[in-house]
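Undergrad: What follows is a predicted structure for the sequence shown.
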Amino acid sequence: MRPQYDATIILGCKPGDSSKTRTIRGAQLILDGLCKTLILVGNKEETAYMIRLAKEARVPAERIAANGESKNTVDNAYYAKQISRNLNAQKIALVTSAYHLERALAIFRHLFGSQFLIVPIGVDDNPSSDEKRREEGLQRLIPLLKLFAEGDDENMKRAASLIPSNE
């Protein structure tokens, strides 16, 4: 069976149930033969946790690429794009929590640009009411993406670095 995706990007979050659900969903795409490589992005703690979970799920280490330098979703997209370019991955599954998917997908599609196909895969977890409220507020920022040319990853990353950590 030919893989459906060149890579699956899994967005990091605080180690725990949500991070585990995301990682297991991405690992399943590898194990089902639907994806070639897992790209794990987040901060150092998040990526270390996801790498451990992916290996425990029997994903071969050589099929895992990770970057632990992210402070926010734009950073996740920026570093994932660098890895995707190195892998020559153009058809990509994006795995994150369902409540976070709309904003993450908008950021990834805009930052990556039209030469990449980003397919959303939301996982159900149980976000707190504070997490939901925070995400609703951040979704209001999606129109600001239009301030940047599609695919302008460098300027988007530079602008995101001005925002305090955790978005």
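TA: Noted; the coordinates are in hand. Everything numeric here is computed off the predicted structure, so don't read it as measured data.
Undergrad: Show me the shaky parts of the chain.
TA: The model of the chain has pLDDT under 70 over residues 1-2, 165-167.
Undergrad: which residues of it fall in strands?
TA: 5-11, 35-41, 64-67, 91-97, 117-123 (DSSP state E).
Undergrad: what about the residue lying closest to Leu111 once chain neighbours are set aside, how many residues close to it?
TA: Closest residue to Leu111 apart from its sequence neighbours, by C-beta to C-beta, 6 or more residues apart in numbering: Ala77 at 4.3 Å. For glycine as for every other residue, the C-beta is placed from the backbone atoms N, C-alpha and C. Per other C-beta atoms under 10 Å, the neighbour tally for Ala77 reads 30.
Undergrad: Tell me who's in contact with Lys81.
TA: Leu111, Phe112, Phe116, Asp153 (C-beta atoms under 8 Å, 6 or more residues apart in numbering).
Undergrad: residues touching the third one, list them.
TA: Contact criterion C-beta under 8 Å, 6+ apart gives Lys81, Ser84, Gln90, Lys91, Ile92, Arg109 as the residues in contact with Phe116.
Undergrad: Show me which pair in these is furthest apart.
TA: Lys81 and Lys91 (13.9 Å; C-beta to C-beta).
Undergrad: Quick check: Thr37 vs Arg25, distance?
TA: In this structure, Thr37 and Arg25 are 15 Å apart, going by C-beta to C-beta, to the nearest Å.
Undergrad: hang on, isn't Asn43 packed against Leu11?
TA: No: contact criterion C-beta atoms under 8 Å: Asn43 and Leu11 do not qualify, at 11.2 Å.
Undergrad: just curious, which of the contacts of Phe116 is nearest to Gly33?
TA: Nearest to Gly33 out of the contacts of Phe116 is Lys91 (C-beta to C-beta; 14.5 Å).
Undergrad: Can you give me the neighbour number for that closest one?
TA: Neighbours of Lys91 (other C-beta under 10 Å): 16.
Undergrad: my guess is it meets Thr8, correct?
TA: No: counting by C-beta under 8 Å, Lys91 stays clear of Thr8, with 10.3 Å between them.
Undergrad: Contact partners for the residue nearest to Leu111?
TA: Residues in contact with Ala77, defined by C-beta under 8 Å, 6+ apart, are Ala104, Ile107, Phe108, Leu111, Phe112, Asp153, Met156.
Undergrad: So it versus Gly33, what's the distance?
TA: The separation that Ala77 has from Gly33, given C-beta to C-beta, amounts to 26 Å.
Undergrad: go on, Tyr78?
TA: From Tyr78 to Gly33 the distance is 29 Å (C-beta to C-beta).
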